[in-house]
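1. Sequence plus the predicted model coming up.
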Amino acid sequence: MLAEGLAPTADRTLSFMVPARNARGMVVRLDATLNAILAAHAYPEPLIRLLAEALTLTALVGATMRQDDGQVTVQASAKGGVVDLLACDWRAGELRGYIKYDDQMPVSEGMSLPELFGKGYLAITIDQVSSEERWQGIVPLEGHSLAGALEGWFSQSEQLPTLMRIGVAGSEATGWLAGGLLMQHLARSEIGGERLDAGEQHPDWEHVAALAATTSAEELTDAELSAEQLLWRLFHEEQVRVVPGPKPVKGCRCSAAHIKDVLMRFPEAERASMRDEGGLISVDCQFCSRIFGIAA
């Protein structure tokens, strides 16, 4: 059972387990990290909320991996809507993301995914270093939230009952805060365990899912409510084990040295065709909205 009274902490991840119910989960809160990522672009408010949701989902999935065990990428590609491309990734706590959109098209609060993206798909890719394995799931951009789309992928493609809740709050004047809850049901045993959604829904999953589903966006974005306090509210009648996860940080990996290293792998003839009149190669990083002039 969890103790009350722990102070909330911004920009953090907290994994938890409910052993008696064969369930695990993750709580994420993004504060300064989220605002640092958003500051690189002047997005309209509905797209700020969309990107904040995508970043929170990416962190929820990424933080379930070992800190040194690869990368999670969430990407939406589409045509015919406001958004052409949304890309986020997580690696060892480093989080980044951006949206490419048509600023000539109208955008408003409450737009559905088809209205925002037109025709497209959402892809989640998980690269794990230790096992050298790579998983990718692709789901249509349907409904009203990215969280709903990813829930469907886990439950249907991975046969892993999953619940996700996301909250985004704030404004340009006050700054932004996002929070998320991920809840998943596991097999009955580590080896040879039955997939719990292979048949009818298991009572243990129904119980924890019903409790987790009561989580509100206001709770997830309440700066005075810690992850521990939230879990206490949900599962105070259960034994819950918590383990602090990696702290999210803005993780754009562009640097002049890294970009030059990549460019030097190209043949000289190709690099020559890239150079401008001053002998520099211009490289645009969409994640941090910077253009690097590289002598290579």
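-> Right, received. Where do you want to start? Numbers count the residues shown, from 1 in each chain.

2. Name the SS class of the residue nearest in space to the middle of the chain, please.
-> Nearest residue to the geometric centre of the chain (Cα atoms, centre = their mean): residue 58, 1.5 Å. Residue 58 falls in the helix class when you classify it by DSSP: H, G, I helix; E, B strand; the rest coil.

3. pretty sure it is touching residue 95, no?
-> Yes. Using Cβ atoms under 8 Å, residue 58 makes contact with residue 95 at a distance of 6.6 Å. Glycine gets a C-beta too; all of them are placed from N, C-alpha and C.

4. which residues are common contacts for those two?
-> 88-89 (Cβ atoms under 8 Å, 6 or more residues apart in numbering).

5. Do a quick rundown of the strands in the protein.
-> Along the chain, counting by DSSP state E, strands occupy 12-18, 23-30, 71-80, 83-91, 94-101, 118-128, 133-140, 162-171, 175-185, 241-244, 249-250, 281-285, 290-294.

6. ok, residue 23 - how many residues close by?
-> By other Cβ atoms under 10 Å, 26 other residues sit near residue 23.

7. Residue 13: neighbour count?
-> 24.

8. Bridge partners for it, pull those for me.
-> Assessed by DSSP bridges, residue 13 has beta-bridge partners residue 28.

9. ok, residue 167 - contacts?
-> Contacts of residue 167 (Cβ under 8 Å, 6+ apart): 178-180, 216-221.

10. That one and residue 59, how far apart?
-> Computed as Cβ to Cβ, to the nearest Å, the residue 167 to residue 59 distance reads 13 Å.

11. and if you look at residue 207?
-> Distance from residue 207 to residue 59, by Cβ to Cβ: 26 Å.

12. Neighbour count for these two, which is higher?
-> residue 59 (31 against 16).
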